[in-house]
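Asker: with the input below, show me the fold.
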Amino acid sequence: MQTLVKSATKTHAITTEGRFTIIGEAINPTGRKRLAQALYEHDLDYVRSLARNQAAAGADLIDVNVGVPDLSEVTLLAEAVEAVAAEVDLPLCIDTASPRALEAALAVAPGRPLVNSVTGEEASLESVLPLVKEHDVPVIGLTMDDDGIPGDPES
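Answerer: Numbers count the residues shown, from 1 in each chain. Got it, this is the predicted structure:
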C-alpha cells in the first residue's frame, strides 16, 4: 500500500514496505517557547529557518502547526504554509484541530499535502472529511472517538 503526497514539484510515497517516512515536526509551538514567540511576532523568517533545517536533516515532509492561544490560526496557518512551501520543496503535513484553519491552509498549499489529523470523533469526521474529499488529500487517522482512546486494539 502507498499514499502519495506532493509539493509543487516533488512526490513522496508513504508506504508500508521499505523506507519509513520522516515528518519534520519542529514547526509546532507546543513546548517550544521560541517558536510560539516568533508566531506572536509574526516572524515567518524563523518558521522558514525551521523548515530549511528539517529539510537539510533529511525530512521527507514538513509538518506545519501554528496553534497558539490568542492568534488567528485561520490566517496564520495559511501564511505559514505559503512561507514553508516557498522555502523548501517538500510535501507538507498540515496540522490543526481547526476546520476553518485547515480549509484556509488547503486553499494555498501546493501539491497534495497530508492532513494531520482526523479522529473518530463525530465533530471531527463531520468537519474534516468533507475538506479532505474536496481537496483529495490523505489524512493521518487517530484511533480516538467521542469516548476517548480505546483501551485495547479491538475496541
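
Asker: tell me the contacts of the residue positioned nearest the centre of the chain?
Answerer: Nearest to the centroid of the C-alpha atoms of the chain, with distances taken as C-alpha atoms, centre = their mean, sits Ile94, at 2.0 Å. The contact partners of Ile94, by C-beta atoms under 8 Å, 6 or more residues apart in numbering, come to 64, 77, 81, 102, 105-106, 109, 113-116. Every C-beta, even on glycine, is put in place using the N, C-alpha and C of the backbone.

Asker: for stretch 3-16, buried residues please.
Answerer: With burial defined by 16 or more other C-beta atoms under 10 Å, the residues of stretch 3-16 counted as buried are 5-7, 12, 14.

Asker: nope, stretch 139-151 is what I was after
Answerer: If you call a residue buried by 16+ other C-beta under 10 Å, then stretch 139-151 has these buried ones: Val139.

Asker: ok, and what's touching it?
Answerer: 93, 114-122, 128, 132.

Asker: and the two most separated of those?
Answerer: The two members of the contacts of stretch 139-151 with the most space between them (C-beta to C-beta) are Cys93 and Glu122, at 23.9 Å.

Asker: quick one on the thing from earlier: secondary structure class for the residue nearest to the centre of the chain?
Answerer: Applying DSSP: H, G, I helix; E, B strand; the rest coil to Ile94 yields a three-state assignment of strand.
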